[in-house]
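Visitor: Pasting the sequence and the predicted model now:
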Amino acid sequence: MSTTELKEKEVIITKKSESLLSKRRKKILIDPLDDNNPVSIQVLGICSALAVTIKLEPTIVMSLSVVFVMIFSSLLTSLVRDYIPSRVRIIVQLAIIASLVTLVSEFLQAFNYEMYKVLGAFVGLIITNCIILGRLEAYAMGNKPYDSVLDALGSSVGYAWIILTVAFFRELLGSGSVLGFKVFEMIGWTSFPTNGLFVDSIGAFIILGILIWIQRTNNGYIEN
Amino acid sequence: MTDLINLIIKSAFMDNMVFAYFLGMCSFLAVSKKVSTANGLGLAVIFVLTCTAPLNWLIQKHILEEGALAWISPKFSAIDLTFLQLLMFIAVIASFVQLVEMIIEKFSPVLYGSLGIFLPLIAVNCSILGGSLFMVQRDFNLSEATAFGFGSGFGFYLAIIALAAIREKLKYSHVPNGLKGLGITMLITGLMGLAFKTFIGMTL
């Protein structure tokens, strides 16, 4: 037996015995949270969800929906990846995403109609969230289901914490509350000056800009 | 007629896709490094949005809505296909973009050269799908939907051209390391949004 064959056998054996959360898999999961964040480093997915960040509560629903859609679309795409002709892959991926988003939208309509009205067209706009299509195209089309799910989980949580932070500050400074509780009145500061700019879309741009500044200074990423 | 022009002005300036609804942000940020490419993408968005808005309006009114299928036979008047809305809209947009790409490639290679690469990107540009969804939400009629599509596309065009022009100048200024690229662009977008707010209340 030649050495290359031996090596190949070794590779196969190590692959088989890879633990559920090996170092490589942990990296897939952790990387998108900070060093390779989909929003602040890869500049994806800013489109569809910033608009819901006026209040914290719809943002939580939105992030959960995105996590759900992302994990299952990655899983499904990864399962059928060998059967998709490459010429029509975008349409197939969009069809998978659109079906899952329809599921989320119908679920919200049935169980939380108030929230459905608040989110409005933005639930449907999860379809065009570039993170989802981007990860399907870049990762799920070429990797095994379990790895793809980990990657999807990492990316969607990395996205979720950014929009949750933006929403927290927008609600705090714009309406003086957190999740609807008037925190400043509770601690006895009744004359807290709320800033209408943060309720407006402009506040979201500025908070996100500052957040990106802080995060990139922290992890030393420089865009040229 | 004045109503339609007012609607175009309103959707281009006050309800600007980018500044008021954050739609199309991805391509807005990614393709705004040079004015010439931003010009190409902006024109493509105007064209696709102006065509898909009335197209999706027809689909919504004659296929998807409750009772919309009554024109085939009265038996179908109880059918409500609204749950297929997202799938239908995105399919229309994706296939329309594909069609436009093929037509342009065939008849005008020059335009294809300048636009070509951005056309596939447009299928996942949120402002296109957003335009169709807003049009349904706001109960427009066919001519209003077309005007709304054109106005929104034009607003996106103005925004991306302006940002690209600013970013071209920005290359020569000293920006703190962490703020380079995306960070400073977000702050500039915020300031531009503030400027667009001043159009509120403008009518003919």
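Guide: Received, thanks.
Visitor: helices or strands next to the helix or strand of chain B at the bottom of the mean pLDDT ranking in the packing?
Guide: Counting by mean pLDDT, DSSP states H and E, chain B has its least confident helix or strand at helix B:118-122, which shows a mean of 71. When contacts are defined as 3 or more Cβ pairs under 8 Å, 6 or more residues apart in numbering or on different chains; DSSP states H and E, helix B:118-122 packs onto helix B:25-30, helix B:35-59, helix B:85-107. No exception for glycine: its C-beta is placed from N, CA and C like everyone else's.
Visitor: and the angle from the longest one to helix B:85-107?
Guide: Here the directions of helix B:35-59 and helix B:85-107 differ by 130 degrees (axes from the mean of the first three to the mean of the last three Cα atoms, to 10 degrees).
Visitor: helices and strands around helix B:35-59, which ones?
Guide: Contacts defined by 3+ Cβ pairs under 8 Å, 6+ apart place helix B:35-59 against helix B:85-107, helix B:109-115, helix B:118-122, helix B:126-137, helix B:142-170.
Visitor: tell me what the longest one is packed against?
Guide: Translated: helix B:142-170. Against helix B:142-170 (3+ Cβ pairs under 8 Å, 6+ apart) you get helix B:2-9, helix B:17-21, helix B:25-30, helix B:35-59, helix B:126-137, helix B:182-197.
Visitor: what does the first one rub up against?
Guide: Outside of helix B:2-9, the residues within contact range by Cβ atoms under 8 Å, 6 or more residues apart in numbering or on different chains are B:143, B:144, B:147, B:148, B:150, B:151, B:154, B:202, B:203, B:204.
Visitor: Can you add mean neighbour count and give the helices and strands packed on helix B:118-122 back as CSV?
Guide: Output for the helices and strands packed on helix B:118-122, formatted as CSV (neighbours: other Cβ atoms under 10 Å in any protein chain shown):
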stretch, mean neighbour count
helix B:25-30, 24
helix B:35-59, 21
helix B:85-107, 18
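Visitor: And the strand or helix carrying residue A:101, what's buried?
Guide: Residue A:101 belongs to helix A:89-111 when assigned by DSSP states H and E. Buried residues in helix A:89-111, counted by 16 or more other Cβ atoms under 10 Å in any protein chain shown: A:90-102, A:104-105, A:108.
Visitor: Same check on stretch A:63-80?
Guide: A:63, A:65-78.
Visitor: Those residues in strands, which ones?
Guide: Here DSSP state E is the test, and the buried residues of stretch A:63-80 give no hits in strands at all.
Visitor: Next up, the contacts around the residue minimising distance to the centre of chain A.
Guide: Taking Cα atoms, centre = their mean, the centroid of chain A lies closest to residue A:156, which sits 2.6 Å from it. By Cβ under 8 Å, 6+ apart, the contact list for residue A:156 reads A:63, A:66, A:67, A:70, A:71, A:131.
Visitor: Which helix or which strand is home to it?
Guide: Per DSSP H and E, residue A:156 falls inside helix A:145-175.
Visitor: Go through that helix and flag the buried ones.
Guide: Under the neighbour-count rule (16+ other Cβ under 10 Å), helix A:145-175 has A:147-160, A:162-163, A:165-175 buried.
Visitor: Over to stretch A:176-188?
Guide: A:176, A:177, A:178, A:184.
Visitor: Tell me the secondary structure at the residue lying farthest from the centre of chain B.
Guide: Distance from the C-alpha centroid of chain B peaks at residue B:75, with 37.0 Å (Cα atoms, centre = their mean). Under the three-state scheme (DSSP: H, G, I helix; E, B strand; the rest coil), residue B:75 adopts helix.
Visitor: just to revisit the earlier point, right, and the helix or strand after the helix holding residue A:101?
Guide: Downstream of helix A:89-111, the next assigned helix or strand under DSSP H and E is helix A:113-119.
Visitor: Local confidence estimate at residue 138?
Guide: Defaulting to chain A. pLDDT for residue A:138: 83.
Visitor: right idea, wrong chain: chain B
Guide: pLDDT at residue B:138 comes out at 86.
Visitor: how many other residues sit next to it?
Guide: 13 (other Cβ atoms under 10 Å in any protein chain shown).
Visitor: Contact partners for residue B:50?
Guide: Per Cβ under 8 Å, 6+ apart, neighbours of residue B:50: B:146, B:149, B:150, B:153.
Visitor: Buried subset of these, written for ChimeraX?
Guide: Buried members of the contacts of residue B:50 can be picked out in ChimeraX with the line below, counting by 16+ other Cβ under 10 Å:
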select /B:146,149,150,153
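Visitor: Let's have the contacts of residue B:50 in TSV, adding distance to residue A:220.
Guide: Formatted as TSV, the contacts of residue B:50 follow (distance: Cβ to Cβ, whole Å):
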residue	distance to residue A:220
B:146	49
B:149	44
B:150	45
B:153	39
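Visitor: Distance to residue A:21 added to the helices and strands packed on helix B:142-170, as TSV?
Guide: Output for those, formatted as TSV (distance: least, Cβ to Cβ, whole Å):
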stretch	distance to residue A:21
helix B:2-9	55
helix B:17-21	40
helix B:25-30	32
helix B:35-59	42
helix B:126-137	34
helix B:182-197	31
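Visitor: Now do the same contact list for residue 148.
Guide: Picked chain A for this. Neighbours of residue A:148 in contact, by Cβ under 8 Å, 6+ apart: A:74, A:75, A:77, A:78, A:139, A:140.
Visitor: try chain B instead
Guide: Contacts for residue B:148 were tallied using Cβ under 8 Å, 6+ apart; they are B:7, B:8, B:11, B:53, B:131, B:134, B:135, B:138, B:140.
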